[in-house]
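Enquirer: below is the sequence, then the predicted model.
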Amino acid sequence: MKAFEKRPNGLLKFFFKFPVLLHKIGLGGWERLIGAQWMRITHIGRKSGKRYDSMVDVMDYDKATDTYYIEAAYGARADWYKNIRDSVFQAQVGHRKFKARAGALTTEGAGDMLVKFFRNKPAYTRSVLAMVGLKFKDEAELRELGKNLTLLAVKPEKG
């Protein structure tokens, strides 16, 4: 089973864009009411040169290494992922804004991260996966599903 094969359209596309709109008008942080934490990524289009914003789930944060772990639902096909790959981009988590770089996790690391995310936020994880048509029975199946996802480690740039 491949994760997130179909790109969103219609209502689902609006649902994914709505949080960006709320952040742009200064209402960022409301996602904590539903048990989530999001990262706003501002990136420049590779072809258009235009500025774009995307919102992604923060799956974990390692304070010791100042590393955020995020997920690219549509994997390497996602435009925002292609735009930030091998470049510095602007990120925002809550009120914290910073320049950052991202690197992909291994497939094993991605599976383990998805299970950890589920353990911390089971209802949220199930609902997000269900929105894109993915279901799982147990943690073993979830770990396998996670191996098909593109998870990234995002670190603020020093200096």
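Expert: Thanks, I have the structure now. Since the structure is predicted, the reported quantities are computational estimates derived from the model, not experimental observations.
Enquirer: all contacts plus neighbour counts: C-alpha atoms, from now on.
Expert: OK.
Enquirer: roughly how far does D60 sit from S48?
Expert: Between D60 and S48 the distance, using CA to CA, to the nearest Å, works out to 32 Å.
Enquirer: ok, L129 next?
Expert: Relative to S48, and taking CA to CA, L129 is found at 31 Å.
Enquirer: neighbour-wise, which of these two wins?
Expert: Neighbours were counted for L129 and for S48 using other CA atoms under 10 Å; L129 has more, 15 against 7.
Enquirer: just name the shakiest helix or strand of this structure by mean pLDDT.
Expert: With mean pLDDT, DSSP states H and E as the measure, the helix or strand of the chain carrying the lowest mean pLDDT is helix 10-24 (a mean of 70).
Enquirer: and after it, which helix or strand comes next?
Expert: Using DSSP states H and E, the next helix or strand after helix 10-24 towards the C-terminus is strand 38-44.
Enquirer: give the rounded mean pLDDT of that following strand.
Expert: On average, the pLDDT along strand 38-44 is 93.
Enquirer: got a list of contacts for the helix or strand following that strand?
Expert: From strand 38-44 onward toward the C-terminus, using DSSP H and E, the following helix or strand is strand 51-62. Outside strand 51-62, the residues that touch it by CA atoms under 8 Å, 6 or more residues apart in numbering are 16-17, 19-20, 36-45, 67-72, 80, 113-114, 117.
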